[in-house]
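model this:
(chains A and B)
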Amino acid sequence: MKIHLPNSAFLGNIDPFIRGLDPSSPERLEISANDKWISVHPAVISMVAALGLSVKPENIVCQKFEARSSHYFVRMGLFKLLNIPTDIAITEHEPAGRFIPLTQIRASAELTRFITEMIPLLHLEAEQAKTLGYIVSELVRNVLEHAEAPGGALLCAQYYKKSNAIRIGIADTGVGIKATITRSHRADTDLDAIRLALMPGITGTTPLEGGTEQNAGAGLFFIKSIASVNRDFFVIYSGTGLYKLLKKSSVRRLRLRADPFEDRHAQDGGMPYWRGTVVGVDITLNQTEEFSRLLDAIRETYGSAVRERRQEKYRRPRFS
Amino acid sequence: MTRIGIRGRAGAFAENKDAARDIRLSEIIPALERGEDVVLDFSGVDAATQSFIHALISDLMRKRGAAVLDRLEFKSCNDTVRKIIAIVVDYMQEGAG
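The predicted structure follows:
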């Protein structure tokens, strides 16, 4: 596999970075980087980490990082996690208020502990902390419960002062969304599977509406809704499918859509194959809708989506 | 009447579905089977995920019907927790199961 860290790769312009991935020879990984400046979304760092942990340490070839911003990857814990020797010197700073370094989560109790410790790191207000905790919990639990990823979930986050935004990236190298969703629903492509996974009430654990006792099929819909209401980017990449919820300039009325393809979005079904799932979310804090108002909109959308699907399945007797 | 404090079992941010399942299996169901009503006390819980609430009550509703809500009381829920519970109760009655 080959992965190149470009000059810039955030959710808005992440497509060229993904197209540049080379998934061939999955037993080894070559990491290269722009030699002038590297500025990337936490999802990109999580992807490198997830790929790196999927191969033996001796099979990772990492080009020497020359860019002036290379120390950022040391701070985020990339080299340490992958056991890559580096001579990049940094002055350790207290991470509070700025970033969550790369973290690997493989068990439910680890996640609960992580969420408890994570909130103080970013010095968030109560409403914003709820939103972030919600996103991390639902996304990581998806990985733990469905992905069958030996390395669990890899995540990191960064606070950007200039835009007053938090960017979060979570990656795994598990079975991917299509393998999970097609256990109970039909999806011919990775994009079809992503679409279903984002709809409220659909889960791979059962064909029934409302899910099972442990899974409702609502987690990703909630996350997409949070991004949609806040007019932020949300990206999900699995297999060859990439779905990107695009930023909206303004929202006159709080309105959510059950079908993610009805949202303003970009999609690509021909991306290099990612074995597993990657999710990136941006949350702009100064426009974060009050969480409870978001829940009102979710309640309305969720209920109508379930009703509509129920009507679609309703069969009338045939008389002749 | 059985009172179950959620904060002590799932923390101030109630998101651990395993904890929710344990509460349901080892405390709520036995109490209902003894014929007791159950008070789920959310005092000190700042937020709960939909997944947590789903794991806590959806199977009760699926197996015992919506009437089980007559025997459950959700106590001291803040606005956020209240709305999450309402979402789960709604979709379980709309078309689930």
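
now check the helix or strand harbouring A:Val140, is it near chain B?
A:Val140 belongs to helix A:126-142 when assigned by DSSP states H and E. Yes. Judged by C-beta under 8 Å from any C-beta of the partner chain, helix A:126-142 comes into contact with chain B at A:Ala126, A:Lys130, A:Gly133, A:Tyr134, A:Ser137, A:Glu138, A:Arg141. Every C-beta, even on glycine, is put in place using the N, C-alpha and C of the backbone.

can you pull the buried residues of that helix?
A:127-142 (16 or more other C-beta atoms under 10 Å in any protein chain shown).

Off-centre distance for that helix?
12 Å (C-alpha atoms, centre = their mean, to the nearest Å).

Let me know the helix or strand that A:Val44 is in.
Under the assignment here (DSSP H and E), A:Val44 is part of helix A:42-53.

Which SSE is immediately downstream of that helix?
Criterion used, DSSP H and E; the element after helix A:42-53 is strand A:60-62.

neighbouring contacts of that next one?
Contacts of strand A:60-62 with the rest of the structure, by C-beta atoms under 8 Å, 6 or more residues apart in numbering or on different chains, involve A:Arg28, A:Leu29, A:Glu30, A:Ile31, A:Gly52, A:Phe79, A:Leu82, A:Asn83, A:Ile84.

cool, stretch A:23-39 as well?
A:1-10, A:48, A:51-52, A:54-56, A:59-63, A:65-70, A:72-73, A:84, A:272-275.

Filter those down to just the buried residues.
A:1-6, A:8-10, A:48, A:51-52, A:54-55, A:60, A:62, A:65, A:67, A:69-70, A:72-73, A:84, A:272, A:274-275.

For A:Leu278, grab phi and psi.
Just so we're on the same page, residue A:278 is Val rather than Leu. phi -130, psi 140 (degrees, to the nearest 10).

Check what pLDDT it gets.
Here the pLDDT value assigned to A:Val278 is 98.

quick one: the residue nearest to A:Leu5 when sequence neighbours are not counted from A:Asp87, how far?
Closest residue to A:Leu5 in three dimensions, ignoring its sequence neighbours and counting by C-beta to C-beta, 6 or more residues apart in numbering or on different chains: A:Ala33, at 4.0 Å. A:Ala33 sits at a distance of 15 Å from A:Asp87 (criterion: C-beta to C-beta, to the nearest Å).

So between those two, which is more surrounded?
More neighbours surround A:Ala33 than the other of A:Ala33 and A:Asp87, with 23 against 6 (other C-beta atoms under 10 Å in any protein chain shown).

pretty sure A:Leu196 is touching A:His185, no?
Yes. Contact criterion C-beta atoms under 8 Å: A:Leu196 and A:His185 qualify, at 5.5 Å.
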